[in-house]
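> 3D model of this:
(one chain, ligands or ions: 2)
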Amino acid sequence: MSLRTRVDLIVHSATQLLTLEGGPQRGTDFGRLGLIADGAVAISDGMILAAGPSKDVRGRYVAAHELDASGKVVLPGFVDAHTHLVWAGDRAAEFEQRLAGATYMEILAAGGGILSTLRETRAASEDALLHSTRARLRRMAEHGTTTAEAKTGYGLDLETELRMLRVIRRLQEEGPIKIIPTFLGAHAVPPEFVGDPGEYTTFLVNEALPAVRDWWVLNAGTDPLPFTDVFCEEGAFAPEQARRILQRSSELGFPLKIHAEEFSSFGAARLAVEMGAVSADHLNRIQAADIAALGRSSTVAVLLPATPFGLADPTYAPAQALIEAGAIVALGSDLNPGTAWCENLQFVMALACRAMRLTPAQAVAAATINAAAAVGCSDHVGSLEPGKDADFVLLEVEDYRHIAYRFGGNLAAAVYRQGKRISPG
Ligand code: NIG
Ligand code: FE
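Numbering: from 1, shown residues only. Ligands and ions are numbered 1, 2, ... in the order given. Predicted coordinates for the structure are as follows:
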């Protein structure tokens, strides 16, 4: 008679199992992988029951299904902490203009950029948006992403912003990956308010934010409210406007994020800390005082190296200074049609190691447990620990460093979300 507990699935014999156990990582702790040689994970009802050496796990559990991971790395599913997932159309022509010398903010000021995607998104039906967004989610899942944040922000009127939220809701239900929504009504100043960001801010504060909250409560019941986010930037929203929007969001119960110091140094990261934001994102041009403020705070520094890469801009975020200051550093793709159409977090990790000098272990922590903290989900995803969702990736390599060492391809042999294989589908 076996005294072993029966479970749904055991993944065993992983050459390297990376658990990332123990919560978000900062300072000298950053890059702690929880590496187990010949590791196994026991799973029931989509949740992890145990992770440890194969011998121990198989001694305690017996499974209906077994998955042999010999010759492979097994690690938590990647968490993409920052995406502009929902949009219509593309901006290939602007990419060419930028290569010829036009800047991103010049194109926006001339009514292109975000505003060009806004026109296409307003004109797109809900089903058309669902269709193109679903294809992007599928490619993200193929590359190992099992949780992704997803922003609105290409409607900038109530009707289209709510259409984007409906698309996100439908994809939350459909899968294959977990989606954390963000309302980015403050992405740009829309044509109706051109030249008057103050007036548009008043519209967001008085009308849009309460309407989004009411819509969410009516349609999503007890699901947690989305984040709100502001593009705090010269030519978008000034710090005083960002403060008004975040203040009101906070009063309405929304958790907060900020696009900070992507092109300007506005001190938006410090504002994020002051407002208790969950994350401050981009930070390419963050100054010393703001680095220190983030380092002392629990606001996660979300770095998006695919964006300067996508813009052929040599200014990457000062990751080393942020790490030294003690900040919780996470990674995201910034997936969007303007600056970074990138669905592959493996590439983002490879870039983070080269352009910002993260170690491969730090890149893995930044794209798993720390990214989970950046989207408020580190209790559920981001590591392989008992009680968490069984979200994991099998890599077709024996050494996790290959994720960063190789680049441009896909090392994911199989991807699981809540114990079910989502890729290959
Ligand atoms: O994070 N900076 C603002 N938002 C995006 C770009 C969005 C777009 O260009 O469509 C970013 O880089
Ligand atoms: Fe962004």
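> Mind telling me which residue of the protein is nearest ligand 1?
The chain approaches ligand 1 most closely through Gly338 (2.3 Å), counting by Cβ to the nearest ligand atom. Placement of C-beta: from N, CA and C, glycine included.
> Tell me, how many residues neighbour that residue?
Here the number of neighbours of Gly338 (other Cβ atoms under 10 Å) works out to 24.
> One more: Ala123?
For Ala123, the count of nearby residues is 11 (other Cβ under 10 Å).
> Would you check that it makes contact with Thr117?
No. The pair Ala123 / Thr117 is not scored as a contact, 10.8 Å apart, by Cβ atoms under 8 Å.
> anything in contact with each of those two?
Common contacts of Ala123 and Thr117 (Cβ atoms under 8 Å, 6 or more residues apart in numbering): Ala88.
> Quick check: the gap between Thr222 and Ser265.
Distance from Thr222 to Ser265, counting by Cβ to Cβ, to the nearest Å: 40 Å.
> let me redo that: Val79
Distance, Val79 to Ser265, using Cβ to Cβ: 28 Å.
> One more: Pro24?
Plainly put, Pro24 is 26 Å away from Ser265 if you go by Cβ to Cβ.
> Same drill for those two, tell me which one is more crowded.
Taking neighbours as other Cβ under 10 Å, Pro24 and Ser265 compare with Pro24 leading, 22 against 15.
> So the more buried one, which state does it fall into?
Under DSSP: H, G, I helix; E, B strand; the rest coil, the three-state class of Pro24 is coil.
> Which secondary structure state does the residue nearest to it when sequence neighbours are not counted sit in?
Nearest-residue entry for Pro24: Ala373, 4.0 Å, with adjacent residues in sequence omitted and distances by Cβ to Cβ, 6 or more residues apart in numbering. Here Ala373 is recorded as helix under three-state DSSP.
> circling back: quick one, phi psi at the residue of the chain closest to ligand 1?
Gly338 has phi and psi values of phi -100, psi -50 when expressed as degrees, to the nearest 10.
> who touches it in this structure?
By Cβ under 8 Å, 6+ apart, Gly338 lies in contact with 91, 94, 104, 113-114, 117.
> Helices of the stretch 251-400 of the chain, residue ranges please.
Using DSSP state H, counting those that start in this stretch, the helices of the stretch 251-400 of the chain run over 268-274, 288-295, 306-311, 319-325, 345-355, 360-366, 369-374.
> so which of those helices is the most packed in?
Highest mean neighbour count among those (mean count of other Cβ atoms under 10 Å): helix 369-374, with a mean of 30.
> hmm, back to that, tell me which of the helices of the stretch 251-400 of the chain lies nearest to Ser132.
The closest of those to Ser132 is helix 306-311. By Cβ to Cβ, the value is 18.8 Å.
> show me where pLDDT drops low in this structure?
Counting by pLDDT under 70, the chain has low-confidence residues at 1-2.
> What residues sit buried inside the longest strand seen in it?
Ranked by residue count and defined by DSSP state E, the top strand of the chain is strand 5-18. Buried residues in strand 5-18, counted by 16 or more other Cβ atoms under 10 Å: 7-18.
> That strand pairs with which strands, parallel or anti?
strand 35-44 (antiparallel), strand 61-68 (parallel), strand 73-76 (parallel) (DSSP bridges).
> quick one: contacts of the first one?
Applying Cβ under 8 Å, 6+ apart, the contact partners of strand 35-44 are 7-19, 48-58, 60-61, 63, 74, 384, 390, 392, 400, 419.
> Check which element follows it along the chain.
Downstream of strand 35-44, the first helix or strand assigned by DSSP states H and E is strand 47-53.
> related to what we said a few turns ago, angle of the longest strand of the chain against strand 47-53?
Angle, strand 5-18 to strand 47-53, by axes from the mean of the first three to the mean of the last three Cα atoms, to 10 degrees: 60 degrees.
> Show me how the chain divides into domains.
Domains of the chain are assigned by automatic domain parsing as 5-76+384-423, 78-374.
> what's the span of the longest one, first residue to last?
From the first residue to the last, domain 78-374 extends over 13 Å; the measure is Cα to Cα, to the nearest Å.
> separation between the residue sitting nearest the centre point of the chain and Ile323?
Geometric centre of the chain, nearest residue: Ala81, 1.6 Å, by Cα atoms, centre = their mean. As judged by Cβ to Cβ, Ala81 and Ile323 stand 16 Å apart.
> list the buried ones in stretch 219-235?
Buried residues in stretch 219-235, counted by 16+ other Cβ under 10 Å: 220, 225-233, 235.
> Likewise for stretch 38-54?
Using 16+ other Cβ under 10 Å as the test for burial, stretch 38-54 gives 39-44, 47-52, 54.
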